[in-house]
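Colleague: fold the following, please.
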Amino acid sequence: MRVESTEKIWLSQYPDEIPARLHYEQKNLAQLFEEAVQKDPKKSAIYFLGKKMTFSQLHQDSLKLSSYLIELGLKRGDRVAIMLPNCPQAVISFYAVLLAGGVVVQTNPLYTERELEYQLNDSEATMIIALDLLYPRVVKMKALTRIKHVVITSIQDYLPFPKNIIYPFIQRKQQKISVDVSHTETTHKNKARSHHLYSRLSPISQKHNLSIYSAQAAEDKRGCESYGDYSFI
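Modeller: Got it, this is the predicted structure:
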């Protein structure tokens, strides 16, 4: 007869300095990010094709985008799809959504239109942040899903000089693709080539207290979860 025991016999083999259990503070990812910024503001957070971004710079750009998303109507618990490859904007967008109390919907840039439509409807996303090359595919989703706002960025925006100047020519030559996105009430794109999409956005308004959004997100686990195929967590 087999006797099942719930006793964790291996704990008796632990050295004295190793606890049997670990206790973590109840903090969401946005709060942990802000603590990391305060601890090492000048430490490099992102390396991207020769360009470095410190935690302080990442934090500032995340706050600016977060404020912008709130101005577009993002509310606590709203889903925001992020359809970006590995680039600084992907990290900025991720933390911007969390700082605003939203829920990140990580969306594979390789999705077909059918897969993208399913993902957006299933997650009930109301905004999407995507690469300019994906715009022809993304813009069709506005009529098929709950998407109200499309925020577009480009790989070129965060490339160091002179790569940011050369990139458009290489893109046209290698990929045979050139996308022209017009800024409208529901499509948001930086027209100035010399400025980053997020860094040109208006500073945080007095009426948007992002620390409050983060605190509210801590009370609602939806504010710090990630929905989709992959996650930065």
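Colleague: how about the secondary structure of the closest residue to R146 other than its chain neighbours?
Modeller: Leaving aside its sequence neighbours, R146 sits nearest to T126 (CB to CB, 6 or more residues apart in numbering; 5.3 Å). All C-beta atoms are positioned from the backbone trio N, CA, C, and that covers glycine. Judged by DSSP: H, G, I helix; E, B strand; the rest coil, the three-state class of T126 is strand.
Colleague: what helix or strand is the most centrally placed residue in the chain on?
Modeller: Taking CA atoms, centre = their mean, the centroid of the chain lies closest to F94, which sits 1.7 Å from it. Assessed by DSSP states H and E, F94 sits inside helix 88-99.
Colleague: again with L58
Modeller: Counting by DSSP H and E, L58 is found in helix 55-71.
Colleague: tell me what that helix is packed against?
Modeller: For helix 55-71, the packing partners by 3 or more CB pairs under 8 Å, 6 or more residues apart in numbering; DSSP states H and E come out as helix 29-39, strand 44-48, helix 88-99, helix 210-219.
Colleague: most tightly surrounded among these?
Modeller: Most buried of those by mean neighbour count (mean count of other CB atoms under 10 Å) is helix 88-99; its value is a mean of 26.
Colleague: could you identify the helix or strand that succeeds that one?
Modeller: Once helix 88-99 ends, the next helix or strand along the chain (criterion: DSSP H and E) is strand 103-106.
Colleague: for that following strand, name the packing helices and strands.
Modeller: So strand 103-106, by 3+ CB pairs under 8 Å, 6+ apart, packs with strand 79-83, helix 88-99, helix 113-123, strand 226-228.
Colleague: to H59, which of these lies closest?
Modeller: Across the helices and strands packed on strand 103-106, H59 has its closest neighbour in helix 88-99 (7.8 Å, CB to CB).
Colleague: related to what we said a few turns ago, nearest to N28, of the helices and strands packed on strand 103-106?
Modeller: Taking CB to CB, helix 88-99 is the member of these nearest to N28, at 7.2 Å.
Colleague: circling back to that earlier point, how much space between the residue nearest to the centre of the chain and P85?
Modeller: Separation of F94 from P85 (CB to CB, to the nearest Å) stands at 13 Å.
Colleague: with Q119 instead?
Modeller: Applying CB to CB, the value for Q119 to P85 is 16 Å.
Colleague: so which of the two has more stuff around it?
Modeller: Q119 (22 against 13; other CB atoms under 10 Å).
Colleague: quick check on the closest residue to the more buried one other than its chain neighbours: phi, psi?
Modeller: In space, and not counting its chain neighbours, Q119 is closest to T107: 5.7 Å by CB to CB, 6+ apart. Here the main-chain torsion angles of T107 (degrees, to the nearest 10) amount to phi -130, psi 130.
Colleague: please apply the same query to V150.
Modeller: For V150, the backbone dihedrals (degrees, to the nearest 10) come out as phi -120, psi 120.
Colleague: what bridges to it?
Modeller: Beta bridges link V150 to I128, T187 when assigned by DSSP bridges.
Colleague: quick one: it and K140 touch, right?
Modeller: No. With contact defined as CB atoms under 8 Å, V150 does not count as touching K140 (10.6 Å).
Colleague: neighbour count for these two, which is higher?
Modeller: V150 (23 against 14).
Colleague: contacting residues for that one?
Modeller: M127, I128, A130, Y135, V138, V139, K142, T186, T187, H188 (CB atoms under 8 Å, 6 or more residues apart in numbering).
Colleague: ChimeraX command to pick out the buried ones of those?
Modeller: The following ChimeraX line selects those of the contacts of V150 that are buried, judged by 16 or more other CB atoms under 10 Å:
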select :127,128,130,135,138,139,142,187,188
